[in-house]
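Q: Predicted model follows, preceded by the sequence.
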Amino acid sequence: MTGQEKSEKFVGILVNGEWQSDATQKKETSGKFIRKDTMCRNWVTADGSAGPSGEAGFKAEPGRYHLYVSYACPWAHRTLIYRVLKGLEDLIDVSHVHWFLGDNGWTFDADENGIVGDRLFHSDRLYKIYQKADPNISGRATVPVLWDKERGTIVSNESSEIIRMFNSAFDDVGAKPGDFYPQQHRAEIDRLNTIIYDTLNNGVYKSGFATTQDSYEEAVGPVFDTLDMLEKMLAEKRFLVADQPTEADWRLFPTLLRFDAVYHGHFKCNLRRLIDYPNLWAYAREIYQWPGIAGTINLEHARKHYYQSHESINPTRIVPAGPLIDWSEPHQRDRFGS
């Protein structure tokens, strides 16, 4: 270990197929949070040809794929949203992990509402799904996971790519019509995605997991610079890019949903609340009220996950009682037309 690195306890990691709950990762002494790359990057395509990464052989077929998610996780939330938007509920079944993330990683321990459980293998730990895919796999066992029942392996655990698969790959086998990544808007969607991911989607994590004052201040400023930018944009138009929501809107929403409930307090992103931005708050309510979206949400799981899983941030693991937020309040965004 050099003078530029220090060790920090992981919640667990697979090393050559073995689960290690006491593994360490190296972290710069700057105190910055650095997100690890995902490791499974195949693509489901309409005809089974290879996608932008990975290998061929994953053809879009009803009932072939299974999705593992956490209601708490904003990255997994994207995939639940697309599953509903594209009407894939009967084509791709789903399992939910428990909200607590500890030394055993994500688990399928029962919760009080009976919504947790591995419907495919009846496993007790998510990392065992990764072991089924590759007995010698190394890396973090994260959600979401898109599993191929036919080949008995993981297609992908990269949310940004899973939603693009859901967007178009199943169009000829029963998906609802709709393209949330239209060709004529791709450049602008990609531009906004890049900004919003770095400064806001991941920016709240860089703020929350910072371990020095300098790294915290470096991260928290851009969070609010981006929120300010979005507030100005949404004062003039209904959605970020087009006259209907696109991928840019659906990728933004999971972070906005969790902002006041979690990130404002838990991650110290407390310069302003979402509800202090009149245009952005109304926009977020419209997305929440979009047909089917509320059914993809469990804020109780999200609040419990963050406040009780992150002992280094919240040693008492006390979950705050609030805030009380009315997401059903009329949004009045239809004044822009459709």
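A: That came through fine.
Q: Quickly list the domain ranges of this protein.
A: What automatic domain parsing lists as the domains of the chain is 1-178, 183-336.
Q: Include mean neighbour count when you put these into a markdown table, please.
A: All C-beta spots, glycine's among them, are computed from the backbone N, C-alpha and C. Shown next, in a markdown table, are these (neighbours: other CB atoms under 10 Å):
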| stretch | mean neighbour count |
| --- | --- |
| domain 1-178 | 18 |
| domain 183-336 | 17 |
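Q: Compare the mean pLDDT across the ones you listed and name the weakest.
A: Within those, confidence is poorest for domain 1-178, with a mean of 89 (mean pLDDT).
Q: Pull the distance from that one to the chain's centre.
A: 10 Å (CA atoms, centre = their mean, to the nearest Å).
Q: any idea how far the spatially most central residue of the chain lies from T316?
A: Central residue of the chain (CA atoms, centre = their mean): W75, 0.8 Å from the mean position. Applying CB to CB, to the nearest Å, the value for W75 to T316 is 27 Å.
Q: and if you look at E286?
A: 36 Å.
Q: which residue ranges form the strands in the stretch 1-150 of the chain?
A: In the stretch 1-150 of the chain, the segments counted as strands under DSSP state E, counting those that start in this stretch are 5-9, 13-15, 18-20, 24-28, 65-69, 92-96, 101-102, 105-106, 145-148.
Q: so can I have TSV of the ones you listed showing distance to R191?
A: Listed next are those as TSV, based on distance: least, CB to CB, whole Å:
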stretch	distance to R191
strand 5-9	34
strand 13-15	34
strand 18-20	40
strand 24-28	28
strand 65-69	28
strand 92-96	30
strand 101-102	32
strand 105-106	33
strand 145-148	26
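Q: Quick check: which of those is nearest to Y306?
A: strand 101-102 (9.4 Å; CB to CB).
Q: In its sheet, which strands sit next to that closest one, and in what direction?
A: Strand pairing for strand 101-102, using DSSP bridges, gives strand 105-106 (antiparallel).
Q: tell me the helices in the stretch 151-300 of the chain, going along the chain?
A: Secondary structure of the stretch 151-300 of the chain (DSSP state H, counting those that start in this stretch): helices located at 159-168, 186-196, 203-208, 213-233, 247-258, 264-266, 278-288, 299-309.
Q: Compute the inter-axis angle for the second one and helix 159-168.
A: Between helix 186-196 and helix 159-168, the angle formed by their directions is 150 degrees, by axes from the mean of the first three to the mean of the last three CA atoms, to 10 degrees.
Q: what does helix 186-196 rub up against?
A: 160, 181, 226, 229-230, 240-241, 246-248, 251-252, 255 (CB atoms under 8 Å, 6 or more residues apart in numbering).
Q: That helix: how far from the chain's middle?
A: Worked out by CA atoms, centre = their mean, helix 186-196 lies 17 Å from the chain centre.
Q: what does the fifth one give?
A: Computed by CA atoms, centre = their mean, the separation of helix 247-258 from the middle of its chain amounts to 9 Å.
Q: what's in contact with that helix?
A: 74-75, 77-78, 81-82, 85, 160, 163-164, 167, 180-181, 188-189, 192-193, 196-197, 200-201, 204, 230, 239-241, 263, 274, 280, 284, 287-288, 293, 297, 299, 302, 306.
Q: Would you mind measuring from the closest residue to S53 other than its chain neighbours to F166?
A: Computed as CB to CB, 6 or more residues apart in numbering, the closest residue to S53 that is not its neighbour in sequence is R41, at 4.3 Å. Counting by CB to CB, the gap from R41 to F166 is 16 Å.
Q: Relative to R164, how far out is P52?
A: 9 Å.
Q: One more: D326?
A: Taking CB to CB, one finds D326 at 33 Å from R164.
Q: residues in contact with stretch 315-333?
A: 238, 260-261, 265, 273, 275, 282-283, 285-286, 288-289, 294, 303-304, 307-308, 311.
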